[in-house]
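>>> The sequence isn't on hand, but the structure is:
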């Protein structure tokens, strides 16, 4: 018996994507792992309904997306619109970052995410 309502094809695709992270996704993963000591554990390439979120903290209903050139096409924008609408209907907050920003300015990305999830973070201990 399946343990969730995620289609097996979606689950398999997510597993494949986890092993094929782009450079920007690897950078974002490093950024997000820095939040672990403060209680924020994100997952990579996580199925949510029929879609796959680049990164998600399911308990807090937060999705972080890293957008490359494929998101700039008409088809990519339409797919993003459908996915975002679905995820928002499920109670998720979405944070989107362009590949270039993640690679060229990771400190800005970190601070933006930190500000968005500050209410969920444990206080840093000296």
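It's in. Since this is a predicted model, take the numbers as computed values, not measurements.
>>> Break down the protein into its strands, ranges please.
43-48, 51-57, 62-67, 93-98 (DSSP state E).
>>> would you list those strands in a markdown table and tack on distance to residue 31?
Placement of C-beta: from N, CA and C, glycine included. Output for the strands of the chain, formatted as a markdown table (distance: least, Cβ to Cβ, whole Å):
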| stretch | distance to residue 31 |
| --- | --- |
| strand 43-48 | 12 |
| strand 51-57 | 9 |
| strand 62-67 | 9 |
| strand 93-98 | 9 |
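>>> and of these, who's closest to residue 27?
Comparing these by their distance to residue 27 (Cβ to Cβ), the top pick is strand 62-67, with 8.3 Å.
>>> Can you check what angle separates the closest one from strand 51-57?
Interaxial angle, strand 62-67 versus strand 51-57 (axes from the mean of the first three to the mean of the last three Cα atoms, to 10 degrees): 120 degrees.
>>> So which residues make contact with strand 62-67?
22, 24-25, 28, 32, 42, 48, 53-56, 80, 87, 92-99, 102, 113, 116-117, 120 (Cβ atoms under 8 Å, 6 or more residues apart in numbering).
>>> Between strand 43-48 and it, find me the angle.
Using the same axes, to 10 degrees: strand 62-67 against strand 43-48 is 110 degrees.
>>> Okay, buried residues for strand 62-67 please.
Across strand 62-67, burial judged by 16 or more other Cβ atoms under 10 Å covers 62-67.
>>> Can you tell me which of the residues you listed is closest to residue 5?
Ranked by distance to residue 5 (Cβ to Cβ), these are led by residue 63 at 17.6 Å.
>>> Nearest residue to that closest one in space, please, no chain neighbours.
residue 53 (4.4 Å; Cβ to Cβ, 6 or more residues apart in numbering).
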